[in-house]
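A.B. asks: 3D model of this:
(one chain, ligands or ions: 2)
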Amino acid sequence: MKASTLLSTLLPLTSAYSVPKDSSHVTSRIPTARESAILARRILTLTPLGTISTIFPSTSSSHNPKGVEGKPHALMEYISACDPLYPSNPTLLSLNISSTFRNAAGANLTVAVTWTHPPLPPPSRSFFSRLNPFFSDPTPVKAQSYSAAALPRYSLMGYLEPIEGADDPKSDTGQQVQACYTSVHPDAKYWLPGNRIHESHFVRMVVTEIYWVGGFGDRAYIGWIDAKDWESVTKEEIEGVRLPGEKPLDGKDL
Ligand SMILES: *[C@@H]1O[C@H](CO)[C@@H](O)[C@H](O)[C@H]1NC(C)=O
Ligand SMILES: *[C@@H]1O[C@H](CO)[C@@H](O)[C@H](O)[C@H]1NC(C)=O
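C.D. replies: Ligands and ions are numbered 1, 2, ... in the order given. As a prediction, this is how the structure comes out:
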């Protein structure tokens, strides 16, 4: 199959993005890097899991077998957007025992974030077939198609630093961070800082570079997002856009 045929087969599967204000132009132009930054920041607030990549240290350690030094290590980890001071930096709960956070100490890391399309509605059935399950519907409505390649995903590069006060549930910052984090990850209440089993600390991932793949390149931006664009996105901007599969801003069902 020719590449162009494949592309035109895949294109009808993609959902349109909602970008701020002039959404009528969405299908006729590719969102800018700044508009993509807004979508990316919304994804961060709605996505509890990411894949964190680190590098095994070049010096051998009793934790790891020989031969893994310098190799990439990628694992699913809990993420959140709970930093009251710097909301553009993911908030992570670093467990000392975790291989990801051992590798990340004093090093750079990458977190990959993927927008998960909300479940699609089942194909609708005609009035008659709903009344009678034995009635075979002559014109079944086709289910909406799904293409993961059409959905936005990105990687954030950076390094970790402590969030001052966040480990102390009695401080203002600690209260805010811990309430936010456990609302995203209720099960994490068992390994919050100060628990009896595993030493843990809240850390912020200071984002230094952002690489974005918004979907198919004819309608989505693919490339680097300036860290200033990533940081400057406001709460209002995040609330003013919608991602593929979300209820549109006007509240009507898709
Ligand atoms: C646990 O990790 C933190 C950094 O996140 C470090 O400051 C602390 O010393 C470590 N604790 C132990 C017992 O190694
Ligand atoms: C992390 O990346 C920065 C560039 O953003 C670089 O200057 C620094 O050396 C890196 N740190 C380590 C420990 O490799």
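A.B. asks: and the gap between the spatially most central residue of the chain and ligand 2?
C.D. replies: Taking Cα atoms, centre = their mean, the centroid of the chain lies closest to residue 113, which sits 3.6 Å from it. Using Cβ to the nearest ligand atom, to the nearest Å, residue 113 is found at 19 Å from ligand 2. For glycine as for every other residue, the C-beta is placed from the backbone atoms N, C-alpha and C.
A.B. asks: For residue 151, which non-adjacent residue is spatially closest?
C.D. replies: residue 115 (5.1 Å; Cβ to Cβ, 6 or more residues apart in numbering).
A.B. asks: mind listing what's buried in whichever helix or strand residue 109 is part of?
C.D. replies: Using DSSP states H and E, residue 109 sits within strand 108-114. Buried residues in strand 108-114, defined by neighbour count with 16 or more other Cβ atoms under 10 Å: 109, 110, 111, 113, 114.
A.B. asks: Does the first one touch residue 159 like I think?
C.D. replies: Yes. Because the distance of 6.9 Å satisfies Cβ atoms under 8 Å, residue 109 is recorded as touching residue 159.
A.B. asks: Check residue 47 and give its pLDDT.
C.D. replies: On pLDDT, residue 47 comes in at 98.
A.B. asks: which ones are touching the residue nearest to residue 151?
C.D. replies: The contact partners of residue 115, taken as Cβ atoms under 8 Å, 6 or more residues apart in numbering, are 43, 46, 47, 151, 152, 153, 243, 244.
A.B. asks: Of those residues, just say which sits nearest to residue 120.
C.D. replies: Nearest to residue 120 among these is residue 244, at 10.7 Å by Cβ to Cβ.
A.B. asks: State whether that closest one is indeed within a helix.
C.D. replies: No. Residue 244: not assigned to a helix; according to DSSP: H, G, I helix; E, B strand; the rest coil it is coil.
A.B. asks: Can you name the residue of the stretch 101-250 of the chain nearest to ligand 2?
C.D. replies: Relative to ligand 2, the nearest point of the stretch 101-250 of the chain is residue 108 (3.8 Å; Cβ to the nearest ligand atom).
A.B. asks: Would you mind writing the CA trace of stretch 74-83 as PDB?
C.D. replies: This file holds the C-alpha atoms of stretch 74-83, laid out as PDB (Å, rounded to 0.1, in the frame of the first residue of the first chain):
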ATOM      1  CA  ALA A  74      11.800   3.000  31.800                       C
ATOM      2  CA  LEU A  75       8.900   2.200  34.200                       C
ATOM      3  CA  MET A  76       5.400   3.300  34.900                       C
ATOM      4  CA  GLU A  77       5.300   5.700  37.800                       C
ATOM      5  CA  TYR A  78       2.700   7.900  39.500                       C
ATOM      6  CA  ILE A  79       2.700  11.500  38.400                       C
ATOM      7  CA  SER A  80       0.600  14.600  39.400                       C
ATOM      8  CA  ALA A  81       0.400  18.300  38.900                       C
ATOM      9  CA  CYS A  82       0.300  19.200  42.600                       C
ATOM     10  CA  ASP A  83       3.000  21.800  43.000                       C
END
